[in-house]
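Enquirer: Provided below are the primary sequence and the corresponding predicted coordinates.
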Amino acid sequence: FELGATTPKPLAAVLGLFVAPLPPARAFAVIVALALAVLATALFAAAYREGGTVAAAAAVIALVVGARLDVAVAFAYVDVVVAALVMAGVALRGRLRICAFVLAGLLRPEAWLVAAFAGFSETTGRLRHRAGAALLAGLLAPTLWILGDLALTGDPLGTLHWNSERLRESDHETTSWTELPGAFWGALTKEGAAVLTVAGLLGLGMHLSRTRRRGAPDVVPLMVAVVWSVVTTLHFRYGANLQPRYLLPIVAVLALGCGLLAAELLRSLPRVRSP
């Protein structure tokens, strides 16, 4: 809380404990490098399950080529850990999916709503039971965050007050609604190439349409992209900074869409019989 460089995050502090003996300048880069491996693995697994080998290979290639991973690793941004947990939530199912999004919620508040949606979609039974699971999954991360602030500072809203004080010192003005789309698009295409963004959205849409005809589709990837975009934009609207790295989880989901698009295009091509 006294460092003042970035918002204090409970899970980041816990992960930092494991690399505390290393040189401080590069210690967290070890965590980020491992998270990058988890991100690539989860992306490959999610794309392979939905679209096969072509989708898995194309998704990982789209992420490596289209995202600014070199910048994220060079500066050891914790957003790589967030993206890895979000993609793990996309790749997993059931309670493990909920747990991944809850852990992501200990780093970014956007994941709270995603965790609540996962709690609802991954729970079976009556509507009341599913609603209760959604409420529990959505409130678990902020509750743990509050308890962490209370233990460290004696203030249950220590992170919120820290952020409010920082905004007052920076004198950051609110952004008009008309400027929001352009600002968001600029940040998104800076973190992930415009081709990746468009192809990813097209791929997610086509895959959702095809799977809907076969039965109950998995809408979690698209839900992650929508919720993360809306919540991040609202934060920016009311005074927070809109750093492109905050959108890395969206870029990862769009890379999944690129893989699914490649699989759909390959499936639609006429098969040529040849030795």
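Expert: Great, that's in hand.

Enquirer: Quick check on Ala67: phi, psi?
Expert: Main-chain dihedrals, Ala67, degrees, to the nearest 10: phi -100, psi 160.

Enquirer: partner residues bridging it?
Expert: Beta-bridge pairing for Ala67 (DSSP bridges): Gly192.

Enquirer: That one and Leu248, how far apart?
Expert: Separation of Ala67 from Leu248 (CB to CB, to the nearest Å) stands at 7 Å. (C-beta placed from N, C-alpha, C; glycine too.)

Enquirer: Can you work out which other helices and strands pack against the lowest-mean-pLDDT helix or strand in the chain?
Expert: Least confident element among the helices and strands of the chain, by mean pLDDT, DSSP states H and E: helix 158-170 (a mean of 78). Counting contacts by 3 or more CB pairs under 8 Å, 6 or more residues apart in numbering; DSSP states H and E, helix 158-170 packs against helix 127-153.

Enquirer: Next, the angle helix 158-170 makes with the helix it packs on.
Expert: Counting by axes from the mean of the first three to the mean of the last three CA atoms, to 10 degrees, helix 127-153 points 70 degrees away from the direction of helix 158-170.

Enquirer: got the buried residues for helix 127-153?
Expert: For helix 127-153, the neighbour count (16 or more other CB atoms under 10 Å) marks 130, 133-134, 136-141, 144-146, 148-149 as buried.

Enquirer: Now do that helix, average pLDDT.
Expert: Averaging pLDDT along helix 127-153 gives 94.

Enquirer: wait, Val253 sits on Leu201?
Expert: No. Between Val253 and Leu201 there is no contact, the gap being 9.8 Å when judged by CB atoms under 8 Å.

Enquirer: shared neighbours of those two, anything?
Expert: Common contacts of Val253 and Leu201 (CB atoms under 8 Å, 6 or more residues apart in numbering): Ala225.

Enquirer: Quick one: classify Thr7 as helix, strand or coil.
Expert: coil (DSSP: H, G, I helix; E, B strand; the rest coil).

Enquirer: can you give me phi and psi for it?
Expert: phi -60, psi 130.

Enquirer: Please report how far it lies from Leu39.
Expert: For Thr7 relative to Leu39 (CB to CB), the value is 21 Å.

Enquirer: Hmm, Val251 is touching Glu191, no?
Expert: Yes. The pair Val251 / Glu191 is scored as a contact, 5.3 Å apart, by CB under 8 Å.

Enquirer: Show me what the helix or strand hosting Leu202 is packed against.
Expert: Here Leu202 is covered by helix 194-214, with elements defined by DSSP states H and E. Helix 194-214 sits against helix 27-66, helix 220-237, helix 248-268, with contacts defined as 3+ CB pairs under 8 Å, 6+ apart.

Enquirer: highest average neighbour count across those helices?
Expert: helix 248-268 (a mean of 25; mean count of other CB atoms under 10 Å).
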